[in-house]
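Participant: Could you look at this predicted model? Sequence included:
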Amino acid sequence: MIGATHYLVLSLVLLCLGIVGVMVRRNFITVLMSLELMFNAVNLNLIAFSFHLSDLAGQVLAIFVITIAAAEAAIGLGLIIALVRLRDTVALDDADLMRG
Amino acid sequence: MDFVVANFAEILFYVVAALTVAGAVGVVSLRSPVHSALALLFTFLMVAVLFVLRHAEFLAAVQVLVYGGGIMVLFLFVIMLVNVRKLPADSAFLSGIAPLAVIAGVLVGILVSVGVLLGVLASGHGDGSHLRMVDGVVVGNTEAVGMVLYTTYLVPFEIVSVVLLVAMIGAIIFGRRSAALEPGKGGKQL
């Protein structure tokens, strides 16, 4: 019997991989991809609890999360384009215009 | 063979979960961003399978369409626009903070796992039949989600549409070629 615990552990692994990706990678594009991994982990969690509690609110919330993830991807990729135009790089270490 | 038939749901979950984690590891560890993007696409599709296993059929379709279709194309377009030859030598797992990052990830994992285990122990079990019901009548999952989304959660739905509009305007402004962002024309000289 696959319970909510299995899904939560899987979602946890995905979230941790996303966190490690955001912290370790220097490439802006890959960091955004790791962020998407974390969004997916959250969605998996919501779906698991939606089933566990027989409540559709979890699925509706997951739809909202997907919407916000799409908005985040659009803005993040817009930022990448602006960074490439300004600095000709996608390395996060080079995005230091606001450093004192 | 009997074992496989009797435990089909469990075996399917474990196989798909292993593939999902493998895809996620690929996203974080592969050097080429294109390879990362393909691993990410694979992860999205596997997560969609997991949604189906939890009776969220509508969300599985949305996952494939929005993530697998929309967001992936966005990523690949940007990778295409950016000169791949100029990508930084991204020594994933070799930079100075990598051990700290791994330790932080594991710590967060332990913390959250304790929380979710307590949460699971505290609540009851569901069978998924309520996820496809409208007013006690069994319909499809899509209809049930739509009914909840457009009645109970109508106001958040409208607010999210405004958020999407703001994100769209923001992305257009970032992507526009403005004089202030041009090097040598008011922007910081490189």
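Facilitator: Right, received. Where do you want to start?
Participant: Identify the spatial nearest neighbour of the residue nearest the centre of chain B, chain neighbours not counted.
Facilitator: By Cα atoms, centre = their mean, chain B has its centre lying nearest to residue B:44, at 6.4 Å. Leaving out its chain neighbours, the residue that sits closest to residue B:44 by Cβ to Cβ, 6 or more residues apart in numbering or on different chains is residue B:67, at 4.3 Å. For glycine as for every other residue, the C-beta is placed from the backbone atoms N, C-alpha and C.
Participant: so the one you found makes contact with residue A:66?
Facilitator: Yes: Residue B:67 sits in contact with residue A:66 when judged by Cβ atoms under 8 Å, with a separation of 7.3 Å.
Participant: Let me see the contact set for residue 42.
Facilitator: You didn't pick a chain, so chain A it is. Neighbour list for residue A:42: A:11, A:15, A:65 [criterion: Cβ atoms under 8 Å, 6 or more residues apart in numbering or on different chains].
Participant: Oops, wrong one, chain B.
Facilitator: Contacts of residue B:42 (Cβ under 8 Å, 6+ apart): B:19, B:23, B:26.
Participant: would you list the residues you listed in TSV and tack on pLDDT and neighbour count?
Facilitator: Converted to TSV, the contacts of residue B:42 look like this (pLDDT from 0 to 100; neighbours: other Cβ atoms under 10 Å in any protein chain shown):
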residue	pLDDT	neighbour count
B:19	91	16
B:23	93	22
B:26	92	17
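Participant: which among those residues gets closest to chain A?
Facilitator: Set against chain A, the nearest of the contacts of residue B:42 by Cβ to the nearest Cβ is residue B:23 (9.0 Å).
Participant: just checking, next helix/strand downstream of the helix or strand harbouring the closest one?
Facilitator: Using DSSP states H and E, residue B:23 falls within helix B:8-29. Sequence order places helix B:33-53 as the next helix or strand after helix B:8-29, per DSSP H and E.
Participant: near chain A, anything from the helix or strand following that next one?
Facilitator: Counting by DSSP H and E, the element after helix B:33-53 in chain order, helix or strand, is helix B:57-62. Yes: applying Cβ under 8 Å from any Cβ of the partner chain, one finds helix B:57-62 touching chain A at B:58, B:59, B:62.
Participant: Can you point out the buried residues in the following helix or strand past helix B:57-62?
Facilitator: Sequence order places helix B:72-81 as the next helix or strand after helix B:57-62, per DSSP H and E. Within helix B:72-81, the residues that count as buried by 16 or more other Cβ atoms under 10 Å in any protein chain shown are B:72, B:74, B:75, B:78, B:79.
Participant: Give me the neighbour count for the residue lying closest to the fourth one once chain neighbours are set aside.
Facilitator: If the residues on either side of it in the chain are set aside, residue B:78 comes closest to residue A:77, at 4.7 Å by Cβ to Cβ, 6+ apart. As a burial measure, residue A:77 scores 24 neighbours (other Cβ atoms under 10 Å in any protein chain shown).
Participant: pretty sure residue A:77 is touching residue B:74, no?
Facilitator: Yes: if you go by Cβ under 8 Å, residue A:77 and residue B:74 touch, sitting 5.6 Å apart.
Participant: what about residue 71, how many neighbours?
Facilitator: No chain was given, so I picked chain A. Quick note: residue A:71 (other Cβ under 10 Å) scores 19 neighbours.
Participant: sorry, should have said chain B
Facilitator: 24.
Participant: Let me see the contact set for it.
Facilitator: Applying Cβ under 8 Å, 6+ apart, the residues near residue B:71 are A:36, A:69, A:70, A:73.
Participant: circling back: quick one: residues in contact with the helix holding residue B:23.
Facilitator: Outside helix B:8-29, the residues touching it (Cβ under 8 Å, 6+ apart) are A:1-2, A:6, A:10, A:13-14, A:17-18, A:20-21, A:24-25, A:30, A:33-34, A:37, B:4, B:35-36, B:39-40, B:42-43, B:46-47, B:49-50, B:53, B:92-93.
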